[in-house]
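*Asks:* One predicted model, sequence on top.
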Amino acid sequence: MEVELMAIINANQLNQIRINPDMYGGSKSTPTHALQEAVDNGIDQILIKKADHLWITFHEDGSYSVFDNGEGMPVEVAETANGDKMPTNRMAWTVPNTSGHYTQQATTSIGKNGIGTKFVTATSTKTVGTILKDGKWYQDIYTLDPEVAPAFKDKSDKAAKLLSRSPLIYETKLNRNHQLPSKTLTQKLYIHGQSHGTELRFWPDPDIYDSVAIDWTAFKDRLHQQAFLNPEASFTLINEATGEEVSYHEPEGLKAYVEYVFESSKEDNEKLITGIHGFSGRIETNEGEWIGADVAFAWTDGATPRQRSFVNSVATPDGGTHVSGFNAGVRRMMNNYADKLGLTKDSIDSRDLQPGLVAIISANHTKPQYTGQTKDKLSNVDAKTAIDKITYEQGQFEWDKYITDVEAVIKQALERAALRRKIDDLSKIKLDSKDMKAKVSKKLKPAKKLRGARGVEQAELFITEGDSASGSLTRTRINGEGGMYQAIFPIRGKIINALTSTSDKVFANTEVSTIFSAIGAGIGDKYDESKLNYDKIIIASDSDSDGDNIFALLITLFSKYTPQLLENGHVYRAQAPLFINYDEKGNTDYVYTERDQQVYLETHDPKLVERAKGLGEVGDPMTRETLITPGTRHLTQYTTNDIEASTELVDLLMGKEVAPRRAFLMENAEFAHIEE
């Protein structure tokens, strides 16, 4: 009998972490995230100036430990929301949604989500916390309950009941006052020669991870990164099995990081055209709250932009509002210089400043918000405004001293802009000629009415691959019901890549030119929202690598020639179900991704599972339900409130430059959709 969904929902949160560790830790391939959580706790001590050294050890027995020479975790007795009394350190390490950071004012610590090291204890067979504080030695040990811990793999009623209990056993017994036992701290009990600090050691659970081994080289690089971000601190990494020990201390901080990034990734004959410049700033947002930034950057004569971003010393590989703010500030700053120096009357675009830019953006935020549990992308809107202002104002204090560098940057940007305009001359492209309209009429299955016509509540254009998919959509579309009108536009083959081809070649492609003619709003500077024929442009492509590629090529096309479609929220993707799950009564549950199907099967036991490979294989009734009908269909909107940042990302993924794309894919490879 399957575990009921409510049993999963009501599970102890440590068990929820064990059931879906990838929701909290990014990946369950290795315990790298768990070790990073432990390191982050130590870095918090560095950020508040309580520690200046971290030791990370890969132990010979397969465990990992992190020791910081900070003030030591608090051990005072505290009370949980449920009324349980325990030492503060135990609460911080084992009780989800409790965090010492919640009550901190005006600090920029790493973890404020209440999970942190609870992820470590939940996904380890054993965890040992050792605290050196005020002349005393404390130790708290947790192991997995052999009855409860395996329940996350079971689908029985008994397992469902067990999941409501904590999977941990507290091996260290508290006294009657709920306090940890202690010893007088002697030199023999020092850790790494230190008399104060906190060590967290854990043994990763092989039932959770595909492998409990962490990549030594990759983690060494990550630790070196932290040394650049925290120039006053030292970091030591020890491998007991090999005897290797490395230490990092980078007193030059972010400027040294810029040099390191450039030297380790420069292309043949690429050279710096400016010195390496840096600035910092801080803006008070509310009482006791603030946003700050430390930045170092330079330009090369190469075509590759290289940006590394962080928030409170945590890497944000997907960027976010702090990066958008920096790029906006750079653009404003360089345009201001261009105007003052009389170098151009035209506005310089960010896309012409980005090539060759090497930048490290280290933001600090007292209340950071992220798009996911793993903190890959900052989402605070106020961060963009603040860091734009800091970059514009503090950046000029720095660059005012180096006007020759400013002139070199602007000259290079203007040269790139001139070349781009020459390549992308759109003046000769005609989308409303009789010949073009004739081509459109041969392809388009038109709607009876268009956007703006009387009685039209919603007009939609489906762009779909091939005749089989378009046939089903055409037969089942809505053409007047409830004021909705739908047109179908089939394309054949792959769309040309707008970023690797000149504009004349792009618009010589019949598929491209007829798509824009059908949309009706024009392209480039001639785009006119009032002439748009449809409220929604819906891309309906298969959920496979070919379908994803067609979708990416269309997004690239819109991003380059009609970014307003994305800015104004007109672009969507329609997804047919990838899996159709049938119960014993013939009822269906639709699931749209491999990952969601895995989660679905953890709580359901379907009698039959069908996998649909393409839109053309979905019958008319299912097409009507899952693609056509509002309320039951599955649409994803693709929009942006920062078109420059979005354009940069599209350029990175779909443009000509291979090196930055390779670097991005290497950093995010585990999330790639790979088909055999």
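*Replies:* Received it, and whenever you're ready, just let me know what you need. For clarity, every value in this text was computed on a predicted model and none was experimentally measured.
*Asks:* how does this structure divide up, domain by domain?
*Replies:* As given by automatic domain parsing, the domain ranges for the chain are 5-248, 254-423, 434-576+615-639, 577-611.
*Asks:* pLDDT averaged over the third one, what's the number?
*Replies:* To tie it back to what came earlier, the one meant is domain 434-576+615-639. Averaged across domain 434-576+615-639, pLDDT comes to 88.
*Asks:* swap in the second one?
*Replies:* Per-region confidence: domain 254-423 scores 92 on mean pLDDT.
*Asks:* Output the domains of the chain in TSV, with distance to S646 appended to each entry.
*Replies:* Where you see a C-beta, it was placed from the backbone N, CA and C, and this is true even at glycine. Compiled in TSV, the domains of the chain are given as follows (distance: least, C-beta to C-beta, whole Å):
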stretch	distance to S646
domain 5-248	23
domain 254-423	9
domain 434-576+615-639	7
domain 577-611	23
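*Asks:* Surely T391 and G292 touch.
*Replies:* No: with contact defined as C-beta atoms under 8 Å, T391 does not count as touching G292 (12.0 Å).
*Asks:* H53 against D68, yeah?
*Replies:* Yes: here H53 reaches D68: they are 7.3 Å apart, a contact under C-beta under 8 Å.
*Asks:* Compare those two (neighbour count), which wins?
*Replies:* Per other C-beta atoms under 10 Å, whichever of H53 and D68 has more neighbours is D68, with 31 against 21.
*Asks:* And for the residue lying closest to the more buried one once chain neighbours are set aside, the neighbour number?
*Replies:* Spatially, and ignoring its direct neighbours in sequence, D68 is nearest to G42 (3.4 Å; C-beta to C-beta, 6 or more residues apart in numbering). By other C-beta under 10 Å, the residues close to G42 number 27.
*Asks:* what packs against the helix or strand encompassing G42?
*Replies:* Using DSSP states H and E, G42 sits in helix 32-47. Other helices and strands packing on helix 32-47, by 3 or more C-beta pairs under 8 Å, 6 or more residues apart in numbering; DSSP states H and E, are helix 21-25, strand 53-58, strand 64-68, helix 117-122, strand 197-204, helix 216-229.
*Asks:* Using CSV, list the CA coordinates for that helix.
*Replies:* Only the C-alpha atoms of helix 32-47 are listed here, as CSV (Å, rounded to 0.1, in the frame of the first residue of the first chain):
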residue,chain,number,x,y,z
THR,A,32,29.2,18.8,-1.4
HIS,A,33,26.3,21.0,-0.4
ALA,A,34,26.3,19.6,3.2
LEU,A,35,30.0,20.4,3.6
GLN,A,36,29.4,23.9,2.1
GLU,A,37,26.6,24.5,4.7
ALA,A,38,29.1,23.7,7.5
VAL,A,39,31.7,26.0,5.9
ASP,A,40,29.1,28.7,5.6
ASN,A,41,28.5,28.6,9.4
GLY,A,42,32.2,29.3,9.9
ILE,A,43,32.2,32.1,7.3
ASP,A,44,29.4,33.7,9.3
GLN,A,45,31.9,34.0,12.2
ILE,A,46,34.4,35.6,9.8
LEU,A,47,31.8,38.1,8.6
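*Asks:* Compute the inter-axis angle for it and helix 216-229.
*Replies:* Computed by axes from the mean of the first three to the mean of the last three C-alpha atoms, to 10 degrees, the angle separating helix 32-47 from helix 216-229 equals 20 degrees.
*Asks:* Quick one: work out the angle between helix 32-47 and strand 64-68.
*Replies:* 10 degrees.
*Asks:* angle of helix 32-47 against strand 53-58?
*Replies:* 170 degrees.
*Asks:* I'd like the mean pLDDT over helix 32-47, please.
*Replies:* 93.
*Asks:* ok, now stretch 73-82?
*Replies:* Across stretch 73-82, the average pLDDT comes to 91.
*Asks:* and that stretch, which residues are buried?
*Replies:* M73, P74, V75, V77, A78 (16 or more other C-beta atoms under 10 Å).
*Asks:* need the contact list for the nearest residue to the third one once chain neighbours are set aside.
*Replies:* Using C-beta to C-beta, 6+ apart and skipping residues adjacent in sequence, the residue nearest V75 is P87, 4.8 Å away. Contacts here follow C-beta atoms under 8 Å, 6 or more residues apart in numbering; on that basis P87 touches P74, V75, E76, V77, A78, D140, L174, H178, Q179, L180.
*Asks:* Could you identify the most distant pair in the residues you listed?
*Replies:* P74 and L174 (15.1 Å; C-beta to C-beta).
*Asks:* before we move on, back to that, looking at it, the residue nearest to D68 is touching V66, isn't it?
*Replies:* Yes: if you go by C-beta under 8 Å, G42 and V66 touch, sitting 5.5 Å apart.
*Asks:* between those two, what contacts are shared?
*Replies:* By C-beta under 8 Å, 6+ apart, the residues touching both G42 and V66 are L54.
*Asks:* List just the one of the domains of the chain that sits closest to L649.
*Replies:* Across the domains of the chain, closest to L649 is domain 254-423 (C-beta to C-beta), at 8.0 Å.
*Asks:* And the closest one, how far out from the chain middle?
*Replies:* The chain centroid and the centroid of domain 254-423 are separated by 19 Å under C-alpha atoms, centre = their mean, to the nearest Å.
*Asks:* same deal with stretch 156-175?
*Replies:* Chain-centre distance of stretch 156-175: 33 Å, with C-alpha atoms, centre = their mean.
*Asks:* For it, buried residues please.
*Replies:* A159, A160, L162, L163, S166, P167, L168, L174.
*Asks:* Where does the fifth one sit: helix, strand or coil?
*Replies:* Just to be clear, that refers to S166. coil (DSSP: H, G, I helix; E, B strand; the rest coil).
*Asks:* That one against Q16, yeah?
*Replies:* No: between S166 and Q16 there is no contact under C-beta under 8 Å: 11.5 Å.
*Asks:* on that earlier part again, could you export the buried residues of stretch 156-175 to TSV, including columns for pLDDT and distance to Q225?
*Replies:* Output for the buried residues of stretch 156-175, formatted as TSV (pLDDT from 0 to 100; distance: C-beta to C-beta, whole Å):
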residue	pLDDT	distance to Q225
A159	76	41
A160	76	43
L162	84	41
L163	84	38
S166	88	35
P167	92	33
L168	95	32
L174	96	39
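*Asks:* May I see the residues you listed arranged in JSON lines, with distance to H634 as well?
*Replies:* Shown next, in JSON lines, are these (distance: C-beta to C-beta, whole Å):
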{"residue": "A159", "distance to H634": "32"}
{"residue": "A160", "distance to H634": "30"}
{"residue": "L162", "distance to H634": "35"}
{"residue": "L163", "distance to H634": "30"}
{"residue": "S166", "distance to H634": "37"}
{"residue": "P167", "distance to H634": "35"}
{"residue": "L168", "distance to H634": "39"}
{"residue": "L174", "distance to H634": "51"}
